[in-house]
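1. Sequence isn't available, so here's the structure alone:
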DNA sequence: CGAGGTGATTGGCAATCTGGCTAACAATTA
DNA sequence: TAATTGTTAGCCAGATTGCCAATCACCTCG
């Protein structure tokens, strides 16, 4: 129910927004294309494009030849009108210092720079480190300081956007209240923070197997913990305090008190995968190595059956609560398990869950968290641009 | 991201919609009030009100005196511009025939008629029965046939809105594919169908404890089964096939295979409550009677502790997946349990769940499902009215 | 094989229409 | 008298239709 009222200025802003929105989404459009999409008349489209071009948001990128008549100009959003940066902070556990991967993309989503480095956050202040990483990204891509409109941060923890605080995070220094606003002030951009699994779901929605789904649940089987992201029609469900999907803490029911209290993390977390490997004689020093070894070993069916049984415990609860049309298995362990794990999980879930959700393995080979963070940052930049048009003209 | 474009006609429609929306929500407003709310100028407001009045959607309901100047006219949406009907179909189990409760309200939400009757759907076709009930409602309220714009149906089952089919429903005849479109055709109105628990959540959002929550999960402890409704910022999460919240089928983890497979329904469904009452020496022939007896008995603490433990098993999973800011206990069993049950569940959930969600008991005394269905129907009518304005003027 | 005609398409200009705004004004009541 | 309501008149912004020149592909004819 739009409760929007206004005069002709609002119209102009709406039409400009609509045109820019279409250009951002489709990439390159002629006036005729825009006419069909917006249902506006030729002079209006011309006027809108003239204004957008003057504002530097839109440029002519080519000509459409091969048909009768003059070559139609192809307009597209100016790639250099704004940039988005993404930083993924990962705690890679006992094996080394936390790792930071960062990238920068232009308004069309093309990646312009990428940096990967190890930073010891016990010695380095997060704010300082992040500002430096972003500055290096800018330099590598040759982008001016004010070109970056949004920096998206991805962490293995939950972000309480109301309190602007990161919670349940293992990387030192990141849980300090007030950190995020300080980073935003130091960078001079808007800063978004989100859970790494949520960002992986964003990537899955845009580039992966979730493209056409009207909603999906993504379960992340990581080296350490596990997580869940819930996509509903393209928007993520974050919960009251950003804690939605923290299924690692989900307690499991024990029919009698002889069993100690266990949660899902105990069942399918990294330690559990290691132990499971030991029980089935699968070698490997890390969970990833164990699953990789099992995937290469045709005799390891038992291992996958039991792992799948455990995964299906969590999935059954998720499916009963959410009824997703699609469940995506993602994360290093899931990727290493591949089709073997998928088949085993599918069988186990069919047995356990009442509703038939499709199940798939992620199709993203690159760093899903980083890609998702770039996408999230890009979306934020685009929305801000569209909003700024509305406000400028009002 | 509004991708809306258009010309001055769109403006007209938007402004009319906005005004009608405010009038529907606030009840009675003067021109000056509307000016402040919509930011439109005096002549525009006059023009909009003139058109709305001519269309019969708005009337003058009074005058605002006591201040200098002429008495300002108070406008309000015409209560008789459209009506919504709601029908709640309940299977009351072995104790009798299914029961139907229906009500009719005007555009302001005032209830104009209510009917309660028992219908044996083994003998009566659902379509015939529903058409008759709606006709009786119209007669009791003195409303013309074309006055009802929307009929909202509530059933204990899930509604697949894509297939327009009711699933998982116990009442005979209601699961037949094609039934809902046929009813709509026979009634000559639009027909909405939703799960009874979802509708109870709608009522909770509008009249109950969920009014100010930005989202909540409502767990329904019924005489027979249990259910869950998920409200996210006022919209309900329904899932891919309308099956979200069917937590009765949620399988519970068994650490070893010596225990038979149990689901949540086995743990907190009506039969389980009866059995629990027997174990603790609480009298009663129905689950409701058992809980009522326990609530009256100060010695029944044990009963509530165990019931709450079981409820918290489901709630812990729900909280881990969704992180709701509020959990509402509703349904006959929860209502009978009252503050005693609430206290016990709060204790149990604090122990089991990692996140601290507030927990409350429903504050709706009347038939929550029926109220929710009325609200849902009313919302649909209002949205249709606003949309029709837009289309008329286009 | 080349040149010119034909038709479709692009994009700009002028005139018109719709709708909202400001300003002035009559009417009414504390 | 002062404040407030609601109407009328004139104005302005923005979108639309209709018209036109320019351009390019394609076809036909010499």
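-> Received, thanks. Keep in mind it's a predicted model, so treat the numbers as computed, not measured. Residues are numbered from 1 along each chain as shown, chains lettered A, B, ... in the order given.
2. All the helices of chain A, in order from the start?
-> Chain-ordered helices for chain A, with DSSP state H as the definition, fall at A:8-26, A:31-38, A:42-54, A:126-141, A:179-187, A:196-207, A:264-268, A:270-279, A:287-296, A:301-322, A:332-352, A:368-393.
3. Grab the nearest non-local neighbour of residue A:18.
-> Excluding its sequence neighbours, the residue lying closest to residue A:18 (Cβ to Cβ, 6 or more residues apart in numbering or on different chains) is residue B:5, at 4.0 Å. Every residue, glycine included, has its C-beta placed from N, CA and C.
4. got the contact list for that neighbour?
-> A:14-15, A:18-19, A:38-40 (Cβ atoms under 8 Å, 6 or more residues apart in numbering or on different chains).
5. who touches the residue in chain A that DNA strand C sits nearest to in this structure?
-> When scored by Cβ to the nearest atom of the strand, chain A has residue A:69 as its residue closest to DNA strand C, at 2.6 Å. Going by Cβ under 8 Å, 6+ apart, residue A:69 touches no other residue.
6. pretty sure residue A:345 contacts residue A:328?
-> No - between residue A:345 and residue A:328 there is no contact under Cβ atoms under 8 Å: 11.1 Å.
7. hey, what's in contact with both of the two?
-> residue A:359.
8. could I get the helices of chain A as a markdown table with mean neighbour count?
-> Below are the helices of chain A laid out as a markdown table (neighbours: other Cβ atoms under 10 Å in any protein chain shown):
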| stretch | mean neighbour count |
| --- | --- |
| helix A:8-26 | 20 |
| helix A:31-38 | 17 |
| helix A:42-54 | 16 |
| helix A:126-141 | 18 |
| helix A:179-187 | 17 |
| helix A:196-207 | 27 |
| helix A:264-268 | 22 |
| helix A:270-279 | 18 |
| helix A:287-296 | 21 |
| helix A:301-322 | 23 |
| helix A:332-352 | 19 |
| helix A:368-393 | 22 |
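9. can you tell which of those is closest to residue B:208?
-> Closest to residue B:208 of these, according to Cβ to Cβ: helix A:301-322, at 21.5 Å.
10. and the closest one, how far from the chain's centre?
-> 24 Å (Cα atoms, centre = their mean, to the nearest Å).
11. Residue A:283 - how many residues pack around it?
-> Residues lying near residue A:283 (other Cβ atoms under 10 Å in any protein chain shown) number 12.
12. Name the nearest residue to it, sequence neighbours excluded.
-> residue A:293 is the one closest to residue A:283 (Cβ to Cβ, 6+ apart), at 5.3 Å.
13. same thing with residue A:248?
-> Spatial nearest neighbour of residue A:248, excluding adjacent residues (Cβ to Cβ, 6+ apart): residue A:265 at 3.9 Å.
14. unless I'm mixing things up, the one you found is touching residue A:226, no?
-> Yes - counting by Cβ under 8 Å, residue A:265 touches residue A:226, with 6.7 Å between them.
15. Quickly list what's touching both of the two.
-> Contacts common to residue A:265 and residue A:226, judged by Cβ under 8 Å, 6+ apart, are residue A:248.
16. coming back round to it: please determine how far the residue nearest to residue A:248 is located from residue A:272.
-> 8 Å (Cβ to Cβ, to the nearest Å).
17. what does the stretch 101-250 of chain A put close to chain B?
-> A:214-215, A:228, A:230, A:232, A:237-247, A:249-250 (Cβ under 8 Å from any Cβ of the partner chain).
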